[in-house]
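1. pasting the structure only:
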């Protein structure tokens, strides 16, 4: 009968310990990477009184409700809506025009709601159209409200477009949104939007798309 040597036992225990550490470390590393990936996409500038609240098209009522909250807190006098040509489901009415009617129904003065000219097909288009209408109405600052996962790319694009304008751009994520940096990876929608956002960001950075 062979009796295991103490050195062999120690080596065996050490190997098991290393395997255990690795098995615990890998999920923690993966989790950290996923959280950082979500955290990187979500930015929020300090909210200060501005001339206008820019409500980017798309998303759901969470964006609109957040923009209304800022308006009621007197963070801005004007609303700027971007026209993307999208229609409300089961209707031929423009989603932007429909949003305008909703704002009026909720107490926003009609002459305080501005709609960008033309049709925007990208965030870069929206930024240029917003810059144009702000120049027409002599507005010097704005708060751009959008979905959390869209804020980093939005800020990057808007700051590039407004770089020499002298205007101040602040980007603000909609509160109460389903997307959170620490939980996005628990849902299919979270994966879809995060991967899509990184693809669009990469394409913009290397010049494949306008954003």
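-> That came in fine, so what should we check first? Source: prediction; values computed, not measured.

2. Report pLDDT for the spatially most central residue of the chain.
-> Geometric centre of the chain, nearest residue: residue 150, 2.2 Å, by Cα atoms, centre = their mean. As predicted, residue 150 sits at a pLDDT of 96.

3. Is it correct that it is in contact with residue 197?
-> Yes. Assessed by Cβ atoms under 8 Å, residue 150 is found in contact with residue 197 at 6.7 Å. All C-beta spots, glycine's among them, are computed from the backbone N, C-alpha and C.

4. Shouldn't the residue nearest to the centre of the chain be within a helix?
-> Yes. Under DSSP: H, G, I helix; E, B strand; the rest coil, residue 150 falls within a helix.

5. still on that earlier bit, shared neighbours of residue 150 and residue 197, anything?
-> Taking Cβ atoms under 8 Å, 6 or more residues apart in numbering as the criterion, residue 150 and residue 197 both touch residue 41.

6. what's the closest non-adjacent residue to residue 100?
-> residue 113 (5.3 Å; Cβ to Cβ, 6 or more residues apart in numbering).

7. where's that neighbour relative to residue 55, distance?
-> Going from residue 113 to residue 55 by Cβ to Cβ, to the nearest Å gives 9 Å.

8. Return every residue with contacts to both of those two.
-> By Cβ under 8 Å, 6+ apart, residue 113 and residue 55 have these common neighbours: 79, 81.

9. More neighbours: these two, which one.
-> residue 55 (28 against 18; other Cβ atoms under 10 Å).

10. Three-state assignment for the nearest residue to that one once chain neighbours are set aside, please.
-> Of all residues not flanking residue 55 in the chain, residue 67 sits nearest, at 4.6 Å (Cβ to Cβ, 6+ apart). On the three-state scheme (three-state DSSP), residue 67 is labelled helix.

11. show me what contacts the residue nearest to the centre of the chain?
-> 41, 56, 123, 197.

12. Of these, which belong to helices?
-> Residues of these located in helices (DSSP state H): 41, 123, 197.

13. can you pull the contacts of the first one?
-> It refers to residue 41. Residue 41 neighbours (Cβ under 8 Å, 6+ apart): 148-153, 181, 194, 197-198.

14. Confirm residue 172 sits in a helix?
-> No. Counting by three-state DSSP, residue 172 is not part of a helix but strand.

15. looking at it, it is touching residue 48, isn't it?
-> No. Contact criterion Cβ under 8 Å: residue 172 and residue 48 do not qualify, at 10.4 Å.

16. for residue 47, what are its contacts?
-> 70, 75, 143, 170, 172.

17. okay, the last one: pLDDT?
-> Okay, so that is residue 172. Confidence score, pLDDT, at residue 172: 97.

18. measure residue 190 to residue 147 for me?
-> Residue 190 is 12 Å from residue 147, by Cβ to Cβ.

19. more crowded one of these two?
-> residue 147 (23 against 18).

20. Just list the residues touching the more buried one, thanks.
-> 58-59, 62-63, 173-174, 177, 179, 193.

21. cutoff 7 Å now
-> 59, 63, 173-174, 177, 179 (Cβ atoms under 7 Å, 6 or more residues apart in numbering).
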